[in-house]
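# my questions are about this predicted structure, shown below with the sequence.
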Amino acid sequence: MLSKAKQIFTDCAEPGMRCEYHFRNTGGSTLACAYHGGNWGFCTQMPLALVKKIDKRTEDFCQHSGPDAMIPHVMIGEAEVLNYECIGGHMRREPYSNAFDVDGWKFEEWKPLN
């Protein structure tokens, strides 16, 4: 599995790049993710229940911070892939299913091995 994952995540082969590989099974398939460190590629879940909590905090922030305030990353974390923004004093984001599967895994991070 590891050798296949290394073939898929070619950026991990760059000099000085260290990756930590994660694997999971879903629907009869094995998926891999490579954690790159820094600020991307975390291979973690973002369940819908957590996004709903982020939505509430972000809506409150938008209502109290001006009609088109910039939402800080610290409020939304890895949910930033949903493109949160304040519009007219209210929170707006893309649908959860655009970026996450039903279990909360980010589509762009996980690749099939088979």
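Nice, I can see it.
# and the chain, what are its domain boundaries?
Segmentation of the chain into domains, based on automatic domain parsing, reads 2-43+104-112, 48-98.
# dump the ones you listed to JSON lines, plus mean neighbour count.
No exception for glycine: its C-beta is placed from N, CA and C like everyone else's. Compiled in JSON lines, the domains of the chain are given as follows (neighbours: other C-beta atoms under 10 Å):
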{"stretch": "domain 2-43+104-112", "mean neighbour count": "14"}
{"stretch": "domain 48-98", "mean neighbour count": "15"}
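# what sits closest to Asn98 if chain neighbours are left out?
Spatial nearest neighbour of Asn98, chain neighbours left out: Leu82 (7.2 Å); criterion: C-beta to C-beta, 6 or more residues apart in numbering.
# the one you found and Ala34: what is the separation?
Applying C-beta to C-beta, to the nearest Å, the value for Leu82 to Ala34 is 22 Å.
# same deal with Ser97?
24 Å.
# what pLDDT does Gly41 get?
Gly41 carries a pLDDT score of 60 in this model.
# beyond the longest helix along the chain, next helix or strand please.
In the chain, taking DSSP state H as the definition, the longest helix is helix 48-64. Downstream of helix 48-64, the next assigned helix or strand under DSSP states H and E is helix 73-76.
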